[in-house]
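Enquirer: Give me a 3D structure for the following:
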Amino acid sequence: MAAGPGIVFLLCSIGPNDLVSNSAAGANFGYSLLWTLAVIGLARFVILEATTRYVMATGETVLAGYRRAAKWSSWVIFGAIVMRRHLSNLYHILLMGLAPCFLLGQDTIFMRNVFALASCGAAFLVMYGGGYRTVERYSKPLAFLLGMTVLITAVWAKPDPASILAGIVSPSLPENSGSGGLGLGLVLLMLVGSGVGSLSNLKYSAFIYEKGWRDPSHLKKQRIDMLGSLLGALLIAALLQIAAGAVLKPEGLTLKKAEDLIPLFTAALGEAGRILMALGLWTTVFTTYV
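Expert: The predicted model follows:
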């Protein structure tokens, strides 16, 4: 079966920012921005295809190619990645402590610290215990958990199929949201930034390299793997917009950060919303952290 790097990329490319941007799109504009996901997915395909072709053609990483073109470029990318990952992972640690507390209904500072440290320890064991191949092995059940969590949430929200179809096949820009909601320009910037302008897009070619797919003989299964990954990411993003559009927009509820997801969906869907979003948030943050 041609699967592996795509599943790892799927999980690492869907982070808290993606949860917030797609949920904000649904909460503020319903299903009317679903069509943008296809455009973002196409742009992402072009980026991944180009970087992957380089690995297949040369047998080396994209970063090695950057270094050959300009030695200083690798230091710039290194600095950007270290700075970004350090700052974002501090936030991820907080969320890994928060999500289990919401899930179990035991929200105290002590419990947040315990769950945060336990999650960090589990992430370290996954990475230290076998590197990429161990991460790939554990990514498959985690991807299933994330996908099922988002799917059940969207189905539970009881969305309007006709409105969903209109949002996909009738591209249009809705009017700006009312007071208290995020503006259209900011939401679009969040969607494009998390999908196209992310450093995560460099990771897929690195996973291909670590998998050992470094020559054209692997091209067919690599393309299947990449398309499956992109379609999976597209589906999860769409389900998030659909769920938020069905339960948050009618209630006039808006969100601005990942911590808002659990209480908002709890208010809209009750205990089911709390459990589903807590599981989804922890899985997303843990896999991105890894």
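Enquirer: Test my guess that residue 97 contacts residue 120.
Expert: No - distance between residue 97 and residue 120: 9.3 Å, which falls outside the contact criterion (Cβ atoms under 8 Å). Every residue, glycine included, has its C-beta placed from N, CA and C.
Enquirer: Compare the two (neighbour count), which wins?
Expert: The neighbour comparison of residue 97 against residue 120 (other Cβ atoms under 10 Å) goes to residue 97, with 23 against 17.
Enquirer: Now for that one: which residues touch it?
Expert: 111, 112, 113, 114, 115, 116, 117, 119 (Cβ atoms under 8 Å, 6 or more residues apart in numbering).
Enquirer: make it 6 Å
Expert: If you count contacts by Cβ atoms under 6 Å, 6 or more residues apart in numbering, residue 97 has them with 112, 115, 116.
Enquirer: how close does it get to residue 257?
Expert: Remark: distance between residue 97 and residue 257 (Cβ to Cβ, to the nearest Å) = 15 Å.
Enquirer: And residue 118, by the same measure?
Expert: 23 Å.
Enquirer: Pick the one among the contacts of residue 97 closest to residue 191.
Expert: residue 116 (28.6 Å; Cβ to Cβ).
Enquirer: Could I get the average pLDDT for whatever helix or strand that closest one lives in?
Expert: In this structure, residue 116 sits in helix 109-128 according to DSSP states H and E. Averaged over helix 109-128, pLDDT sits at 91.
Enquirer: Tell me which residues of it come out buried.
Expert: Across helix 109-128, burial judged by 16 or more other Cβ atoms under 10 Å covers 112, 115, 116, 119, 120, 123, 126.
Enquirer: and the direction of the helix or strand following it versus that of helix 109-128, what angle?
Expert: Downstream of helix 109-128, the next assigned helix or strand under DSSP H and E is helix 131-156. Angle, helix 131-156 to helix 109-128, by axes from the mean of the first three to the mean of the last three Cα atoms, to 10 degrees: 130 degrees.
Enquirer: Quick check: next helix or strand after helix 131-156?
Expert: Assigned by DSSP H and E, the successor of helix 131-156 is helix 161-169.
Enquirer: Any buried residues in that following helix, and which?
Expert: 163, 164, 166, 167.
Enquirer: check contacts around the third one.
Expert: With contact set as Cβ under 6 Å, 6+ apart, residue 166 has no partners.
Enquirer: and if we set it to 10 Å?
Expert: By Cβ atoms under 10 Å, 6 or more residues apart in numbering, the contact list for residue 166 reads 30, 31, 32, 34, 35, 160, 172.
Enquirer: do the same with the second one
Expert: The neighbourhood of residue 164, defined by Cβ under 10 Å, 6+ apart, consists of 30, 31, 34, 154, 238, 241, 242, 245, 246.
Enquirer: wait, isn't residue 257 in contact with residue 16?
Expert: Yes - assessed by Cβ atoms under 10 Å, residue 257 is found in contact with residue 16 at 8.3 Å.
Enquirer: any idea of the pLDDT on residue 2?
Expert: 52.
Enquirer: how near is residue 53 to residue 208?
Expert: Applying Cβ to Cβ to residue 53 and residue 208 gives a distance of 10 Å.
Enquirer: okay, those two: which has more neighbours?
Expert: residue 208 (27 against 14).
Enquirer: can I get the CA coordinates of the helix or strand containing the more buried one in PDB?
Expert: Element membership for residue 208 (DSSP H and E) is helix 203-211. The C-alpha trace of helix 203-211 is given here as PDB (Å, rounded to 0.1, in the frame of the first residue of the first chain):
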ATOM      1  CA  LYS A 203       8.100  18.800   5.300                       C
ATOM      2  CA  TYR A 204       6.600  16.400   2.700                       C
ATOM      3  CA  SER A 205       9.700  16.300   0.600                       C
ATOM      4  CA  ALA A 206      11.700  15.600   3.800                       C
ATOM      5  CA  PHE A 207       9.400  12.700   4.700                       C
ATOM      6  CA  ILE A 208       9.800  11.300   1.100                       C
ATOM      7  CA  TYR A 209      13.500  11.400   1.600                       C
ATOM      8  CA  GLU A 210      13.400   9.700   5.000                       C
ATOM      9  CA  LYS A 211      11.000   7.100   3.600                       C
END
